[in-house]
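Visitor: here is my input, please return the structure:
(one chain, ligands or ions: 1)
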Amino acid sequence: MEKIHNFINGVYCEPKNGLYIDNYEPATGKVYCLIPDSDEIDVQNAVNAAEKAFPIWSKMTIEQRSDILVKVSKGIESRMDEFVAAESKDNGKPVSLAAHVDIPRAVSNFYFFATSIIHFASESHAMEGEGINYTLRKPIGIVGCISPWNLPLYLFSWKIAPALAAGNCVIAKPSEVTPYTAYLLGKVCEEAGMPAGVLNIIHGLGNRVGDAIVKHPKIKAISFTGGTKTGEYIARTAAPMFKKLSLELGGKNPNIIFDDCDFDEMLSTTLRSSFANQGQICLCGSRIFVQKGIYEKFKTAFVDRVSNLKISFPSDPKAKMGALVSLPHLEKVQSYIALAQEEGGKILTGGKRVFLDAPHENGYFLEPTVIEGLDYNCRTNQEEIFGPVVTLTPFETEEEVLKMANSTEYGLSATIWTSDLRRAHRLAEEIQAGVVWINAWLVRDLRTPFGGVKSSGVGREGGLEALRFFTEAKNVFVKY
Ligand code: NAD
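Guide: The predicted structure is shown next:
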């Protein structure tokens, strides 16, 4: 069986303990490769390599670093088909999604930060009659990047690219559930001429190798995307060590639909914002609030469209829904469907596991599920499910929907559908979320700040925010 390897000090290597864990293909439920079960020894080796590389990488001119990162971007682009197939197989997502979203976005992430670092500037503040302050922004040193399974290379590169562009050396850990494209990235970096030790990619379990990264005293900043519970643990561990922390965590996003919206556009976008990537996007709008005037019309049209979504194996070009990422995750989502029924919810469509023909008879497929009749305060409407499950809740007034939208512990994103601009602005200001879309969903400009409030995270990624996070500011005063 194929084994994937760590990428440390510019070479692919086995974990020092020689241990491996199984990697499952979600569409078949079968183990298809083995991944290193790395531990703190591998992290130490990576830190040693990064320490040696840091003076070389951080002293390169910005243009030289930019040049290498542009080559990484081009390297992924030139192997598009290989990356797309690997992402789809490893994660269970339709190949069309990996081809249109995941891998192109990884290409853009490297290109965006490779070029934005050239324009990155710091401030100066003149004090009349006194002197002038100028701010230096230096790379932090060695930083840790830990990413989840839902958008594997997309989110992995979203952290690594700004960290490297700013001159840091990186110890990175992809999710053990979807390690494959991160494994392929090592080769691309090597071909791009990145010096050994600048980017080290270590595979393995969160509570073993992830924990060792978070605890290592020489890793000075942690950029983490994943679940809120894990984020809380990381914060508790890293904060007393005074590490810089960026935490992008869970969500339970409201999708608010007013009577006066553009119905057709809202309907097709809501289909995507509910079920893209099998509902496993932190920005999916899992709580759909519909104003009473169009509730019944929406319900009928939506349920009709949802029940016609094609569920198929990921390499089927016609697939609209692929497999969920793992058996434990499938079971978790199913347990929430059962909970919703216990809480009095009515399933309008979906709710059942799907068994495709061989060789996909044991794949983790689940029908897209729409539920109504639940209180906005019940667990189904408060806890993150992170799967193809949405709830419908009617509302009458703006005040009422705002209260329901803001009722969860989360605050990542929100979508508002209305043609009343004043109302849209009012709600956008009042809604507790780091990202708001009005009459749109998941439109991303990489220059904008990205992140959540409340239990959805601390800090912002994207554009200048990311470059600021991965640098340390030093103010210098010069007397006139
Ligand atoms: P997870 O928290 O289980 O794992 C995320 C990463 O952290 C993995 O690489 C994992 O190995 C690692 N990890 C686990 N325990 C660790 C520990 N003790 N120390 C260090 N690292 C550890 O999350 P997941 O199940 O992979 O991803 C799903 C979650 O991610 C959802 O809650 C989703 O909302 C969230 N998410 C958030 C965003 C965002 O931008 N806010 C984006 C995507 C996903």
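Visitor: what sits closest to the residue in the stretch 51-200 of the chain that the ligand sits nearest to if chain neighbours are left out?
Guide: Closest approach between the stretch 51-200 of the chain and the ligand, counting by Cβ to the nearest ligand atom: Pro148, at 3.2 Å. Where you see a C-beta, it was placed from the backbone N, CA and C, and this is true even at glycine. Using Cβ to Cβ, 6 or more residues apart in numbering and skipping residues adjacent in sequence, the residue nearest Pro148 is Gly226, 4.5 Å away.
Visitor: Met1 now?
Guide: Closest to Met1 by Cβ to Cβ, 6+ apart is Leu34, at 5.8 Å.
Visitor: please apply the same query to Ala46.
Guide: Asn200 (3.7 Å).
Visitor: so that neighbour lies in a helix, does it not?
Guide: No - counting by DSSP: H, G, I helix; E, B strand; the rest coil, Asn200 falls outside a helix, being strand.
Visitor: and it, how many neighbours?
Guide: Asn200 sits with 27 neighbouring residues when counted by other Cβ atoms under 10 Å.
Visitor: which residues touch Asn362?
Guide: Residues near Asn362 by Cβ atoms under 8 Å, 6 or more residues apart in numbering: 28-30.
Visitor: for those, which one is nearest Gly345?
Guide: Gly29 (28.2 Å; Cβ to Cβ).
Visitor: residues of the one helix or strand Lys474 maps to that come out buried?
Guide: Using DSSP states H and E, Lys474 sits within strand 471-479. Within strand 471-479, the residues scored as buried using 16 or more other Cβ atoms under 10 Å are Thr471.
Visitor: partners of that strand in the sheet?
Guide: strand 131-139 (antiparallel) (DSSP bridges).
Visitor: tell me what the helix or strand following the partner strand is packed against?
Guide: Downstream of strand 131-139, the first helix or strand assigned by DSSP H and E is strand 142-146. Secondary-structure packing of strand 142-146 (3 or more Cβ pairs under 8 Å, 6 or more residues apart in numbering; DSSP states H and E): helix 40-59, helix 152-165, strand 169-173, helix 211-215, strand 219-225.
Visitor: hmm, back to that, wait, is the residue nearest to Met1 part of a helix?
Guide: No - using three-state DSSP, the secondary structure at Leu34 is strand, not a helix.
Visitor: for the protein, identify the residue most remote from the centre.
Guide: Gly129 (48.6 Å; Cα atoms, centre = their mean).
Visitor: within range of the ligand, give me the residues from this protein.
Guide: 146-150, 155, 173, 175-176, 206-207, 210-211, 214, 225-227, 230, 233-234, 248-251, 282, 384, 386, 412, 452, 456-457 (Cβ under 6 Å from any ligand atom).
Visitor: for PyMOL, what selects the buried ones among those residues?
Guide: Buried residues within these, by 16+ other Cβ under 10 Å, are selected in PyMOL with:
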select buried, resi 146+147+148+149+150+155+173+175+176+206+210+211+214+225+226+227+230+233+234+248+249+250+251+282+384+386+412+452+456+457
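Visitor: which members of the residues of the chain next to the ligand are positioned in strands?
Guide: 146, 173, 225, 248, 457 (DSSP state E).
Visitor: which pLDDT value goes with the last one?
Guide: Same thing as Gly457. Note for Gly457: predicted pLDDT of 97.
Visitor: next: the fourth one.
Guide: We note a pLDDT of 98 for Glu248 in this prediction.
Visitor: please name the residues that touch it.
Guide: 224-226, 282, 450-452, 456-457, 459, 461.
Visitor: now do Tyr336 against Val325, distance only.
Guide: To Val325, Tyr336 is 15 Å away according to Cβ to Cβ, to the nearest Å.
Visitor: of the two, which one has the most company?
Guide: A count of neighbours by other Cβ under 10 Å puts Val325 above the other of Tyr336 and Val325, at 27 against 20.
Visitor: just to be sure, the more buried one is in a helix?
Guide: No - Val325: not assigned to a helix; according to three-state DSSP it is coil.
Visitor: does it touch Asn91 like I think?
Guide: Yes - the criterion here is Cβ atoms under 8 Å, and Val325 meets it with Asn91 at 5.9 Å.
Visitor: joint contacts of these two?
Guide: Counting by Cβ under 8 Å, 6+ apart, the residues touching both Val325 and Asn91 are 26, 149-150, 178.
Visitor: show me the two of those residues that sit farthest apart.
Guide: Going by Cβ to Cβ, the pair spanning the shared contacts of Val325 and Asn91 furthest: Pro26 and Asn150, at 11.9 Å.
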